[in-house]
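Colleague: What would the 3D arrangement of this be:
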Amino acid sequence: MNTQKKHLTKIQNLILKSMEDNGTNWLKPWAAKAAEGFPYNGISKRPYNGFNPFLLSAVALAEGYKSSQWATYKQWTDKGGSLAGAKGKGVPVFYWSIKKYKDKNDLDEGGKPKEKTGFLFKNYIVFNKDVVEGLKDNDKPLPDPVNIFDDKKVNQFIENTKAVINYGGGRACYSSVTDKISMPNASDFKGTKTSTPQEAFYSTLLHELVHWTGHSSRLKRKLGNGFGSIDYAFEELIAETGAVILSIQLGVSPEPRADHAQYLNGWKSAIKKDPKAIYSAFSKAGKAAKFLEDLQPLNFIINTKEAA
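Modeller: Here you go, the predicted model:
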């Protein structure tokens, strides 16, 4: 088994176990850990995105790490750190990149290979700051930031997107036909042991905003899929994950949608069949979150850059 496949299998098992243990709350423990300090590169100071924040948070939770700062072996050692006791502690972070290539098996009329665009899947190994020794005081990264819920900030974030939102209905949904979001009033939402009614409202609205990014005039995802189809469930996974990413960054305690229980088995089957499927969904969720972040004015503070 090559290294990349080995890492993907490890992630596959990690996700499936969380789904078995926590059901529709499978992202919650990782989100809670990430909320304590969003995973970022301790050297470049850039936050990780896509699936990577959840993966790093899951490992930090399992290993008992206090820091949310990560970096490659070279980055830490260049800063004077030692990873002598970190054998087996490396964690992969994954990235897709677009690559053009010539397909020798598909020729044009002139007999020349057609140029096509594909995705290059790659990974880097990073280590948590807690396993690094010997860093001098002036080389130690800054303390981890903590995001605090501020309803005015969250509301401003949503308004800055300019999405058309109609309030007062009995159901939260997004229509790709009308390009409008429908939401019950905030007063209709109830809190839980881990979130306030306001947070439950914003968590749901952020979910619908991620759907909104998939419109043909924006990120052009496949929307309008039949209820219960694989494509429908996949888009729901993107929306829920994107909402969690945004919730963490905005200090909102994310709440999973109750109707996602019906998709859980489908998600598990897809992940068992192809470990890359979950990364594809998380990658699209990360792009959706980034799209919404890019709609914010320059003076609106939120993590936007991908870690390296």
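Colleague: Show me which helix or strand of the chain is least confident by mean pLDDT.
Modeller: Within the chain, no helix or strand scores below helix 28-36, which has a mean of 72 by mean pLDDT, DSSP states H and E.
Colleague: contacts for it?
Modeller: 18, 22, 53-54, 56-58, 60-61, 68, 144, 146-147, 194, 244, 247-248, 251, 253-254, 256 (CB atoms under 8 Å, 6 or more residues apart in numbering). Glycine gets a C-beta too; all of them are placed from N, C-alpha and C.
Colleague: which ones among these are found in strands?
Modeller: Cross-referencing the contacts of helix 28-36 against strands under DSSP state E gives no overlap.
Colleague: What number of residues are in the vicinity of the residue lying closest to A60 once chain neighbours are set aside?
Modeller: Nearest non-adjacent residue to A60, counting by CB to CB, 6 or more residues apart in numbering: K33, 5.8 Å away. Per other CB atoms under 10 Å, the neighbour tally for K33 reads 23.
Colleague: switch to numbering from 45
Modeller: That works, and once the first residue is 45, the last one we named lands at K77.
Colleague: ok, back up a step: buried subset of the contacts of helix 72-80?
Modeller: 62, 97-98, 100-102, 104, 112, 188, 191, 288, 291-292, 295, 297-298, 300 (16 or more other CB atoms under 10 Å).
Colleague: I'd like the average pLDDT over stretch 237-249.
Modeller: Regarding stretch 237-249, the rounded mean pLDDT is 87.
Colleague: Check which residues of that stretch are buried.
Modeller: S239, T240, Q242, E243, A244, F245, Y246, S247, T248, L249.
Colleague: List the contacts of the last one.
Modeller: Just to be clear, that refers to L249. I202, I209, A216, I225, M227.
Colleague: E252 is in contact with the first one, correct?
Modeller: Pointing back at I202 there. No - contact criterion CB atoms under 8 Å: I202 and E252 do not qualify, at 10.0 Å.
Colleague: on that earlier part again, could you work out the most separated pair of the contacts of L249?
Modeller: Using CB to CB, those span at most 13.4 Å, a distance reached by I202 and A216.
Colleague: From the contacts of L249, pick the one nearest N57.
Modeller: Nearest member of the contacts of L249 to N57, counting by CB to CB, is A216, at 32.9 Å.
Colleague: show me where pLDDT drops low in the stretch 195-344 of the chain?
Modeller: The stretch 195-344 of the chain contains residues with pLDDT under 70 at 300-305.
Colleague: and with 50 instead?
Modeller: The model of the stretch 195-344 of the chain has no residue with pLDDT under 50.
Colleague: still on that earlier bit, out of the contacts of L249, who has the most neighbours?
Modeller: I225 (23 neighbours).
Colleague: Residues in a beta bridge with that one, which ones?
Modeller: I209, Y218 (DSSP bridges).
Colleague: if I read this right, it contacts V208, doesn't it?
Modeller: Yes - I225 is in contact with V208 according to CB under 8 Å; the separation is 6.8 Å.
Colleague: pretty sure S239 contacts E299?
Modeller: Yes - S239 is within contact range of E299, at 5.2 Å (criterion: CB under 8 Å).
Colleague: which residues do the two both contact?
Modeller: S247.
Colleague: ok, which stretches of the chain are helices?
Modeller: Using DSSP state H, the helices of the chain run over 47-66, 72-80, 96-107, 117-122, 195-204, 241-257, 274-294, 308-317, 320-338.
Colleague: how about a markdown table for the ones you listed, with distance to A128 added?
Modeller: Formatted as a markdown table, the helices of the chain follow (distance: least, CB to CB, whole Å):
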| stretch | distance to A128 |
| --- | --- |
| helix 47-66 | 21 |
| helix 72-80 | 26 |
| helix 96-107 | 17 |
| helix 117-122 | 10 |
| helix 195-204 | 43 |
| helix 241-257 | 43 |
| helix 274-294 | 33 |
| helix 308-317 | 35 |
| helix 320-338 | 31 |
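Colleague: Of all those helices, which one is nearest K143?
Modeller: Going by CB to CB, the one of the helices of the chain nearest K143 is helix 320-338, 15.0 Å.
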